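*Asks:* here are the coordinates; sequence isn't available:
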């Protein structure tokens with residue numbers, strides 16, 4: 001029997017573009033997702049999509065089921081939100097603070113989609129630079145923070161893992177290297193956001209353990225960081241999604257750190273009193289859905 005979960009699976013496949021990312025989006029193992037698809041294909045007597053096409057191309061059968069998904073899933077999701085409103089009275093506000101400066105690049109479309117789903121919930125960004133965003137949760141000045149995982153006093157929702165790449169000018173002395181090691185940063189000027197060193201992954205995980213001596217310069221905006229890099233004032237370590245367009249247009253070049261790369265995890269943290277609110281849970285879902293579909297090189301966390 002065709003079930004709602006089957007329609008959600010096909011919709012996730014289309015959005016994510018691969019079995020791996022669709023499984024992450026659905027919080028399933030890849031083998032569980034493959035098994036579910038096989039059962040569905042056995043039922044209909046043929047494939048639902050082309051395995052080797054990038055992005056995924058759907059067969060006539062798969063396309064027809066997707067058409068059904070596009071009709072039914074929005075109605076189901078709307079009904080679920082309306083039931084939540086009736087049961088929980090979920091109206092209010094969602095004040096969002098960012099530890100992750102580069103999150104602005106993808107957060108605006110997320111907020112637009114959230115407003116469509118929850119027009120009665122006032123969502124806004126907590127303005128200004130905050131060296132310790134968790135303090136905003138403690139003081140009640142913010143309802144939600146996007147950044148690191150904070151202590152057990154808060155409820156935490158995993159978002160995704162991303163690679164941090166080092167960006168440099170085209171003719172930088174390190175440009176010929178395929179990967180960078182800690183020793184390569186000796187004597188370099190590292191351009192960062194104005195945050196404590198312990199919150200900068202490259203410094204905390206790579207440079208300090210190796211006792212590397214470096215200079216540090218700060219800038220609040222990503223574009224300002226990249227302008228300084230391009231003008232050979234230093235190098236920077238930024239998320240892969242934040243620099244993709246600049247690298248594609250040869251404004252700067254990027255290199256991974258270490259044999260396995262330098263990776264970081266992103267979370268949503270809220271006070272415990274907020275953790276069961278339907279609009280908070282849906283905001284987390286919107287982030288995961290939108291980022292899975294639009295950001296290259298990320299790995300959704302389960």
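*Replies:* All right, it came through fine. Computed from a prediction, not measured in an experiment: that's the story for all the values here.

*Asks:* is it correct that residue 14 is in contact with residue 65?
*Replies:* No: counting by C-beta atoms under 8 Å, residue 14 does not reach residue 65; the two are 10.6 Å apart. All C-beta atoms are positioned from the backbone trio N, CA, C, and that covers glycine.

*Asks:* contacting residues for residue 298?
*Replies:* With contacts defined as C-beta atoms under 8 Å, 6 or more residues apart in numbering, the neighbours of residue 298 are 160-162, 240-241, 291-292.

*Asks:* just curious, which of those is nearest to residue 223?
*Replies:* Ranking these by separation from residue 223, with C-beta to C-beta as the measure, puts residue 241 on top at 14.6 Å.

*Asks:* the closest one: what secondary structure?
*Replies:* Judged by DSSP: H, G, I helix; E, B strand; the rest coil, the three-state class of residue 241 is helix.

*Asks:* what is the burial count for it?
*Replies:* By the other C-beta atoms under 10 Å criterion, the neighbourhood of residue 241 contains 20 residues.

*Asks:* thought residue 292 was touching it, still the case?
*Replies:* No: under the criterion of C-beta under 8 Å, residue 241 lies out of contact with residue 292, with a separation of 12.0 Å.

*Asks:* tell me the buried residues in stretch 206-220?
*Replies:* The neighbour-count check on stretch 206-220 (16 or more other C-beta atoms under 10 Å) flags 206-207, 212, 214, 219 as buried.

*Asks:* reformat those as CSV; add distance to residue 266 and pLDDT.
*Replies:* Putting the buried residues of stretch 206-220 into CSV (distance: C-beta to C-beta, whole Å; pLDDT from 0 to 100) gives the following:
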residue, distance to residue 266, pLDDT
206, 19, 97
207, 21, 97
212, 26, 97
214, 25, 97
219, 21, 92
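
*Asks:* could I get the residues you listed as a markdown table with distance to residue 245?
*Replies:* Compiled in a markdown table, the buried residues of stretch 206-220 are given as follows (distance: C-beta to C-beta, whole Å):
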| residue | distance to residue 245 |
| --- | --- |
| 206 | 25 |
| 207 | 27 |
| 212 | 30 |
| 214 | 27 |
| 219 | 18 |
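
*Asks:* out of the residues you listed, which is nearest to residue 255?
*Replies:* Compare each of the buried residues of stretch 206-220 with residue 255 using C-beta to C-beta and the shortest gap goes to residue 206, at 12.9 Å.

*Asks:* nearest residue to that closest one other than its sequence neighbours?
*Replies:* Counting by C-beta to C-beta, 6 or more residues apart in numbering, the nearest residue to residue 206 once its immediate chain neighbours are dropped is residue 182, at 5.1 Å.

*Asks:* list the contacts of residue 237.
*Replies:* Here residue 237 is in contact with 164-167, 190, 192, 200-202, 257, 262 (C-beta under 8 Å, 6+ apart).

*Asks:* helices or strands next to the host helix or strand of residue 75 in the packing?
*Replies:* Assigned by DSSP states H and E, residue 75 belongs to helix 60-88. Using 3 or more C-beta pairs under 8 Å, 6 or more residues apart in numbering; DSSP states H and E as the contact criterion, the neighbours of helix 60-88 among helices and strands are helix 4-16, helix 278-294.

*Asks:* got a markdown table for the ones you listed, with mean pLDDT too?
*Replies:* Rendered in a markdown table, the data for the helices and strands packed on helix 60-88 read as follows (pLDDT from 0 to 100):
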| stretch | mean pLDDT |
| --- | --- |
| helix 4-16 | 88 |
| helix 278-294 | 91 |
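
*Asks:* quick one on the thing from earlier: tell me the most packed of the contacts of residue 237, by neighbour count.
*Replies:* Ranked by neighbours (other C-beta under 10 Å), the contacts of residue 237 are led by residue 166, which has 28 neighbours.

*Asks:* and whichever strand or helix holds that one, which strands flank it?
*Replies:* Following DSSP H and E, one finds residue 166 within strand 154-168. On the basis of DSSP bridges, the sheet neighbours of strand 154-168 come out as strand 236-239 (antiparallel), strand 253-255 (antiparallel), strand 262-271 (antiparallel), strand 299-300 (antiparallel).

*Asks:* let me know which of those is tucked in deepest.
*Replies:* Per-stretch averages of neighbours, counted by mean count of other C-beta atoms under 10 Å, single out strand 236-239 among those, with a mean of 25.

*Asks:* run the chain-centre distance for that one.
*Replies:* Chain-centre distance of strand 236-239: 15 Å, with C-alpha atoms, centre = their mean, to the nearest Å.
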